[in-house]
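Chemist: got a predicted structure plus its sequence, pasted below:
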Amino acid sequence: MKRISRVAILGAGTMGARIAAHFANAGIPSYLLDIVPADADARSRNKIAAAGLDAAKKSKPAAFMDASLARFVAVGNFEDDLKKLADVDWIIEAVVENLEIKRALLRKDETIRKPGTIITTNTSGLPVGKIAEGFSDDFRRSWFGTHFFNPPRYMRLLELIPTPEADIALINAVSHFCDVRLGKGVVLAKDTPNFIGNRIGTFSVLNVMRLMQEMDLSIEEVDALTGQAVGWPKSATFRTIDLVGLDILGHVVGNMTANVRDSPSTGRLLNTIHGKNPSSLRSTWRKISRTLALVCVLCSASTGLRRKMTRPEHSSGPRSPISGPTPPTASLKFRPRL
Ligand SMILES: NC(=O)c1ccc[n+]([C@@H]2O[C@H](COP(=O)([O-])OP(=O)(O)OC[C@H]3O[C@@H](n4cnc5c(N)ncnc54)[C@H](O)[C@@H]3O)[C@@H](O)[C@H]2O)c1
């Protein structure tokens, strides 16, 4: 099985820097690269990657298990440091959610990486196969999707998205590594728009927004109704969107709009999201809110019961002494994010 002992992460934003931090938690060194700022002088060419690493060091909940682990992450930039890609076993692309930008960067990497180096994308839902269309045979054999969720240290789910040309031995190597070293629950997903988690999550968020418009609810009311009251995390709907980033939500919804309009439920949602706000619905709101209150009480009760039942399993501790994946209580607090 291919050994993974050093990685490179392309893009030091919300996800890239925190993915690097989680590799550091597992004792794996990484190069964390990003663009050179337009106004950079000789000393500030790594400024963006360094700022990403700083943000990861300060993030709450903590991205690093211990602040000293940041020493495993070496920052650099796409102009001076791409040659370092020849030294790594796995390259993870985590730049802005834009097909052409991803392709342009990967074209540069194509000639630098050693043949057989695993190369994956953290895209939230762009077609994985299409990103590498026209690339070399070796590149496409080593190419697939690894979708970490936010925050990567705490979110157990990892979607692995094979393409028809991907080498099954490399997919198995990554799956095993992420399970044993990073503490992930690996799920195979098809290369369909937004894969699994974001397909469901986007439906849910858009549905909430549709109901919000129909019922004339405020942001605070929506978060009160879709947070801990129903057994969801306290970040509820709008605070979750803030965490993910409005731009990312926009890209993910745009991806749905472009690719799944034919789906009856999604098409209707996408069509009505900017729709009317019928005042007649206000009259039914009282009835609905009474039902919701009842649902909230029932959900809270069942969540309490579920937590009690699952606690011994969660507190059984990390499967790997090196990775120490998800702290038991943290895993109860977060749900998959875009
Ligand atoms: N934010 C989330 O919750 C989340 C979760 C899972 C997956 N993702 C996916 O991960 C990837 C990164 O998302 P993010 O939230 O870290 O985004 P981000 O905006 O925080 O970071 C993107 C990085 O891309 C870099 N970049 C911008 N323009 C570039 C260019 N022309 N060429 C190369 N790099 C450029 C930026 O400097 C930035 O550091 C996206 O594909 C996104 O869909 C995001």
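Modeler: Right, received. Where do you want to start?

Chemist: just the strands from the stretch 101-250 of the chain, written as ranges.
Modeler: For the stretch 101-250 of the chain, the strands defined by DSSP state E, counting those that start in this stretch occupy 118-121, 143-148, 157-161, 185-188.

Chemist: let me know how buried Leu170 is, in neighbour terms.
Modeler: Neighbourhood size, Leu170 [other Cβ atoms under 10 Å]: 22. In short, each C-beta sits where N, CA and C put it, glycine included.

Chemist: which ones are touching the residue lying closest to it once chain neighbours are set aside?
Modeler: Closest residue to Leu170 apart from its sequence neighbours, by Cβ to Cβ, 6 or more residues apart in numbering: Ile118 at 5.3 Å. Residues near Ile118 by Cβ atoms under 8 Å, 6 or more residues apart in numbering: 2, 4, 89-91, 142, 170, 173-174.

Chemist: is Ile118 in a bridge, and if so with what?
Modeler: Bridge pairing for Ile118 (DSSP bridges) gives the partners Trp90.

Chemist: re the thing from before, closest to Arg239 out of the contacts of Ile118?
Modeler: Checking these against Arg239 with Cβ to Cβ, the nearest one is Val174 at 31.7 Å.

Chemist: any idea how far that closest one is from Leu105?
Modeler: 20 Å (Cβ to Cβ, to the nearest Å).

Chemist: the two: which has the busier surroundings?
Modeler: Higher neighbour count among Val174 and Leu105: Val174, with 22 against 19, using other Cβ under 10 Å.

Chemist: so the more buried one is in contact with Thr146, correct?
Modeler: Yes - here Val174 reaches Thr146: they are 6.4 Å apart, a contact under Cβ atoms under 8 Å.

Chemist: what about the closest residue to Pro115 other than its chain neighbours, how many residues nearby?
Modeler: Spatial nearest neighbour of Pro115, excluding adjacent residues (Cβ to Cβ, 6+ apart): Asp138 at 4.7 Å. For Asp138, the count of nearby residues is 16 (other Cβ under 10 Å).

Chemist: do the same with the one 3 residues further on
Modeler: Summarising burial for Arg141: neighbours were counted as other Cβ under 10 Å, giving 18.

Chemist: identify each buried residue in stretch 187-198, please.
Modeler: Across stretch 187-198, burial judged by 16 or more other Cβ atoms under 10 Å covers 189, 191, 193-198.

Chemist: swap in stretch 133-148?
Modeler: 135, 138-148.

Chemist: pull the most distant pair out of the residues you listed.
Modeler: Checking those with Cβ to Cβ, the most distant pair is Asp138 and Phe148, at 24.5 Å.

Chemist: could you find the closest non-adjacent residue to the residue nearest the centre of the chain?
Modeler: By Cα atoms, centre = their mean, the chain has its centre lying nearest to Phe149, at 2.8 Å. Nearest residue to Phe149, sequence neighbours excluded (Cβ to Cβ, 6+ apart): Met155, at 3.7 Å.

Chemist: what's the answer for Asn98, then?
Modeler: His251 (7.6 Å).

Chemist: return the member of the buried residues of stretch 187-198 nearest to Ala258.
Modeler: Pro193 (7.9 Å).

Chemist: how about the contacts made by whichever residue of the stretch 1-150 of the chain sits closest to the ligand?
Modeler: Closest contact between the stretch 1-150 of the chain and the ligand, by Cβ to the nearest ligand atom, is at Gly13 (1.9 Å). By Cβ under 8 Å, 6+ apart, Gly13 lies in contact with 34, 52, 94-96.

Chemist: any idea how far apart the tips of stretch 175-189 sit?
Modeler: Chord length of stretch 175-189, first to last residue, is 12 Å (Cα to Cα, to the nearest Å).

Chemist: can you give me how far that stretch is from the chain middle?
Modeler: From the chain centre to the centre of stretch 175-189 is a distance of 14 Å (Cα atoms, centre = their mean, to the nearest Å).

Chemist: the residue in the stretch 151-300 of the chain that the ligand sits nearest to: neighbour count?
Modeler: The ligand sits closest to Val244 of the stretch 151-300 of the chain, with a gap of 3.9 Å, by Cβ to the nearest ligand atom. Around Val244 there are 22 other residues, counting by other Cβ under 10 Å.

Chemist: wait, it sits on Asn150?
Modeler: Yes - contact criterion Cβ under 8 Å: Val244 and Asn150 qualify, at 6.1 Å.
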